[in-house]
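**Q** my questions concern the predicted model and sequence given below.
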Amino acid sequence: MKKGTGVFLVLALALAAILVAGCGGAKGTADSKQAPEKIIAKFSHVAAPSTPKGLAAQKFAELVKERTNGRVEIQVFPSSQLYGDKDEFEALQANNVQFIAPSAGKLISFDQRFQIGDMPFLFKDNQGASRFWDSEAGKKLMKSLESQGMVGLTSWPNGMRQFMNSKKELRKPEDFKGLKFRVPAGGVLVDIFQALGAGAVTLPFSEVYPALQQKVVDGTIATFDNIENEKYAEVLNYLTVANVNNLSYIVIANKKFWEGLPSDLRGTIEQCLKEATEYERQLADKLDQESLAKLKQKIKVYELNPEERQAFVQAMQPVWAKYEPVIGKDLFEEAQKLNK
Ligand code: SIN
């Protein structure tokens, strides 16, 4: 090889390396050889800024900025502004975004067992769900994401899901026949409605309000907090308080980004996330009850009595029979033990 050609090749390779490093997602991530001046990470989620998830993501960003003296900046993008349900996982795996917080059941395509969060009448309340996700069994399940380039860090609850629809008051399983509901993800949630003789359609969160308004679906299953923040009461008339299942989010980071952080910074960020989690969990119950009070002023709210609720528990037996082997008896037993 001629001497000039060799020099040219070395320069070209160096330039290519610089260009590749520059396309790595977050500006100045810890991948660079030299300690970067500033690390910018994006936190994308689909809920409103005023929800427990929205407020906790903001709190996390503020704590991180303060404790790292501005060296790390977490930019929060709520309300599907950056990525929605359809593309946030792909964006996280590609490191185009560094944090997301989907509901556990939306992780179905990575590991079916995450649907445990959607199981009907398994979790009693937010606390019972958090006890499960904080347990060794819950942490092990979150760890399963690591083989797919993601790290499950913690869980943020947002209340129990309730039934809502535009057609009639729903008091017993037979009332659901022929109605069509929106669900956040397939599997367990679809089967819940099938067991009630109703149809179910999986739709991204950002498309729920227009779908309800245009009567593509008759109703949805959601927490008081989301019902209030998404203004579903403008387009639906009836809310049945059944505490069907729990909505908990799994806060997930891109693995390469997370593990590439200098360990002192990662420790600080972990501590900030712990504090943001405590804040979120306190807020979730408070906002849940505040939303219910507001909804009672706007629409017809019917609370199932214990006998009526028992009829729904009974109707869900086929769903339990189908999903116990899929999710695993061990996880069911752990969740039941922590929700007595
Ligand atoms: C969310 O609260 O993040 C979305 C929940 C849903 O899709 O129903």
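**A** Nice, thanks for sending it over. Numbers count the residues shown, from 1 in each chain.
**Q** how many other residues sit next to the nearest residue to T68 once chain neighbours are set aside?
**A** The shortest distance from T68 to any non-neighbouring residue, by CB to CB, 6 or more residues apart in numbering, is to T268 (5.8 Å). Backbone N, C-alpha and C define where each C-beta goes, glycine included. The local packing of T268 (other CB atoms under 10 Å) involves 19 other residues.
**Q** looking at this, T268 is in a helix?
**A** Yes - judged by DSSP: H, G, I helix; E, B strand; the rest coil, T268 forms part of a helix.
**Q** hmm, it is touching R67, no?
**A** Yes - if you go by CB atoms under 8 Å, T268 and R67 touch, sitting 5.1 Å apart.
**Q** okay, now the sheet partners of the strand ranked longest in the chain, with direction.
**A** Longest strand in the chain by number of residues (criterion: DSSP state E): strand 150-160. Strands that pair with strand 150-160, judged by DSSP bridges, come out as strand 246-254 (antiparallel).
**Q** can you pull the residues of the protein lying near the ligand?
**A** Contact residues, the chain versus the ligand (CB under 6 Å from any ligand atom): V46, A47, S103, N158, P184, F205, A222, N226.
**Q** and the first one, its phi and psi?
**A** The phi and psi torsions at V46 (degrees, to the nearest 10) take the values phi -100, psi -10.
**Q** need the distance between the two termini of stretch 239-259.
**A** One end of stretch 239-259 to the other measures 44 Å (CA to CA, to the nearest Å).
**Q** list the buried residues in that stretch.
**A** 239-258 (16 or more other CB atoms under 10 Å).
**Q** can you pull the pLDDT of the residue lying closest to G159 once chain neighbours are set aside?
**A** Counting by CB to CB, 6+ apart, G159 lies nearest to T223, which is 3.7 Å off, once chain neighbours are set aside. Here the pLDDT value assigned to T223 is 98.
**Q** over to E37?
**A** 78.
**Q** what secondary structure does it sit in?
**A** Here E37 is recorded as coil under three-state DSSP.
**Q** just give me the neighbour total for it.
**A** 9.
**Q** what do you get for E324?
**A** 14.
**Q** name the element it belongs to?
**A** Per DSSP states H and E, E324 falls inside helix 317-327.
**Q** can I get the CA coordinates of that helix in PDB?
**A** Backbone C-alpha positions of helix 317-327 (Å, rounded to 0.1, in the frame of the first residue of the first chain) are rendered in PDB as follows:
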ATOM      1  CA  GLN A 317     -62.600 -17.800  36.300                       C
ATOM      2  CA  PRO A 318     -61.800 -18.800  32.700                       C
ATOM      3  CA  VAL A 319     -59.300 -15.900  32.400                       C
ATOM      4  CA  TRP A 320     -57.500 -17.200  35.500                       C
ATOM      5  CA  ALA A 321     -57.600 -20.800  34.200                       C
ATOM      6  CA  LYS A 322     -56.100 -19.600  30.900                       C
ATOM      7  CA  TYR A 323     -53.400 -17.300  32.200                       C
ATOM      8  CA  GLU A 324     -52.100 -19.200  35.300                       C
ATOM      9  CA  PRO A 325     -50.000 -21.500  33.200                       C
ATOM     10  CA  VAL A 326     -48.900 -18.700  30.900                       C
ATOM     11  CA  ILE A 327     -47.800 -16.300  33.700                       C
END
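**Q** how distant is it from the center of its chain?
**A** Remark: helix 317-327 is offset 22 Å from the chain centroid, using CA atoms, centre = their mean, to the nearest Å.
**Q** mean confidence score for that helix?
**A** 97.
**Q** list of residues touching the helix or strand following that helix?
**A** Toward the C-terminus, helix 317-327 is succeeded by helix 329-337 as the next helix or strand (DSSP H and E). Applying CB atoms under 8 Å, 6 or more residues apart in numbering, the contact partners of helix 329-337 are R113, I116, M119, L122, F123, G128, F132, S135, A137, G138, L141, E324.
**Q** give me the buried stretch members for helix 329-337, please.
**A** So for helix 329-337, counting by 16+ other CB under 10 Å, buried means L331, F332, E334, A335.
**Q** and the angle for that helix with strand 246-254?
**A** Put simply, helix 329-337 runs at 120 degrees to strand 246-254, going by axes from the mean of the first three to the mean of the last three CA atoms, to 10 degrees.
**Q** and the angle from helix 329-337 to helix 317-327?
**A** Using the same axes, to 10 degrees: helix 329-337 against helix 317-327 is 120 degrees.
**Q** so that it lines up with my notes, have the first residue be 519 from now on.
**A** Yes, from this point I'll number from 519; that puts the last item at helix 847-855.
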